[in-house]
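A.B. asks: Everything below, folded, please.
(one chain, ligands or ions: 1)
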Amino acid sequence: MDVGDGVIEVSELRRRYGGQGDKGFEAVRDVSFTVRRGELFALLGTNGAGKTSTVELLEGLARPTGGTVRVLGHDPYAERRLVRPRIGVMLQEGGFPADLSAAETVRMWVGCTTGARPVGETLDLVGLGPRRDVRVKQLSGGERRRLDLALALLGRPEVLFLDEPTTGLDPEARHTTWELVRRLREEGTTVLLTTHYLEEAESLADRLAIMRDGRIVTTGTPGQVIGAHPARIRFAMPAGWFVGDLPPLAALGVLRHEENDGRVELQTAELQRTLTGLLLWAREKDVELEGLDARTASLEEAFLAIAGAATTSEPERGE
Ligand SMILES: Nc1ncnc2c1ncn2[C@@H]1O[C@H](COP(=O)(O)OP(=O)(O)OP(=O)(O)O)[C@@H](O)[C@H]1O
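C.D. replies: Below you'll find the model as predicted:
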């Protein structure tokens, strides 16, 4: 079947726990998105936003209550047999037999994987080569996470689902994992990632979606999502000058401003225009703007502004 560019196609997806009526809860509500071949798509959201509930439907682990999912052109639940050999799944919590070594665990999985990589290569990929003979129960939490990743990569998947892959990893292991994910992407693997690390999404994702209360509330490239939020300029007012002495702020494109003890913060959607106006004013008045700092919003600021609104509205339980 020709699936064109849309390797993952999600349309009006819904997932309800606990049946209809008061006791039920709709964790995924009308979610639609497409992930193109070779793309890395990140799903972000606060705890309980519905990321795992969504990803499990894409992995074919549960049947949607509404809407459709296509992975590589197939329904991952009804046509699991066709989809499963071509995808790699790293769940949030993998369960391994504690008494097997890392290498034995991978070897066990080789038995149920078509076209599996060699065991040693798989462990090396995730940096567990030197720990191959250590029993699972003696591995650290971060090492177990990497063993999870190794198993997801075992069958050279075309599509890789990574549910919080770097949770519990130290910064070095996290960066090594990012390098590996980048390399897989460069080799053409399509990746769907959920993460709480915004730096991870910013540095890896081609596109991302932010979920809130079961819905996608924002989607775009990291640049687009960040660009929709105001940039900030901070500086100290020169001695003897006041904010009122600056050119009219609205004319400089300033959306909001705050002043505290002579420290000024301007928020603007047009950083270059506002900054140019400010610097021209400083040159004309021959004053120095001490501590001048101008920056676009970070993904974290954008995320907090978008997803943070979730805390103000409790998701409805039992519709
Ligand atoms: N089996 C279940 N039965 C009932 N409710 C569930 C079940 N699993 C998840 N939920 C609820 O669905 C909502 C979404 O949960 P989900 O695990 O998908 O969120 P998440 O975005 O992945 O969160 P986290 O970042 O904490 O992993 C939560 O309110 C959760 O309590």
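A.B. asks: which of the residues in the host helix or strand of Leu147 are buried?
C.D. replies: Using DSSP states H and E, Leu147 falls within helix 141-153. By 16 or more other C-beta atoms under 10 Å, the buried positions in helix 141-153 come out as 142-153. All C-beta spots, glycine's among them, are computed from the backbone N, C-alpha and C.
A.B. asks: where are the low-confidence patches of this structure?
C.D. replies: 1-4, 94, 309-319 (pLDDT under 70).
A.B. asks: Identify the residue nearest the geometric centre of it.
C.D. replies: Among the residues of the chain, the one closest to the centroid is Ala42, at 3.6 Å (C-alpha atoms, centre = their mean).
A.B. asks: so what strands line up beside the helix or strand that contains that one?
C.D. replies: Assigned by DSSP H and E, Ala42 falls within strand 40-45. Sheet pairing of strand 40-45 (DSSP bridges) gives strand 190-194 (parallel), strand 207-212 (parallel).
A.B. asks: helix or strand right after the last one?
C.D. replies: Beyond strand 207-212 in the direction of the C-terminus, DSSP H and E gives the next helix or strand as strand 215-220.
A.B. asks: before we move on, what about the shortest one?
C.D. replies: Sequence-wise, the next helix or strand downstream of strand 190-194 (DSSP H and E) is helix 198-204.
A.B. asks: Show me what that following helix packs onto, helices and strands only.
C.D. replies: strand 40-45, helix 171-186, strand 190-194, helix 222-227, helix 299-307 (3 or more C-beta pairs under 8 Å, 6 or more residues apart in numbering; DSSP states H and E).
A.B. asks: that older thread, the helix holding Leu147 packs against which elements?
C.D. replies: By 3+ C-beta pairs under 8 Å, 6+ apart, helix 141-153 packs against strand 87-90, helix 102-110, helix 119-125, strand 159-163, helix 171-186.
A.B. asks: Centre of the chain to that helix, how far?
C.D. replies: Offset of helix 141-153 from its chain centre (C-alpha atoms, centre = their mean, to the nearest Å): 18 Å.
A.B. asks: what sits up against it?
C.D. replies: Helix 141-153 is touched from outside by 88-91, 94, 96, 102, 105-106, 109, 117, 122-123, 125-128, 131, 134, 136, 139, 160-162, 165-170, 173, 177, 180, 184, with contacts defined as C-beta atoms under 8 Å, 6 or more residues apart in numbering.
A.B. asks: Please repeat the previous calculation with a cut-off of 7 Å.
C.D. replies: Applying C-beta atoms under 7 Å, 6 or more residues apart in numbering, the contact partners of helix 141-153 are 88-90, 94, 96, 102, 105-106, 109, 122-123, 125-128, 131, 136, 139, 160, 165, 167-170, 173, 177.
A.B. asks: Got a PyMOL select line for the buried ones in those residues?
C.D. replies: Remark: buried members of the contacts of helix 141-153, expressed as a PyMOL selection using 16+ other C-beta under 10 Å:
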select buried, resi 88+89+90+94+96+102+105+106+109+122+123+125+126+127+128+131+136+139+160+165+167+169+173+177
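A.B. asks: I'm done for today, thanks for sticking with me.
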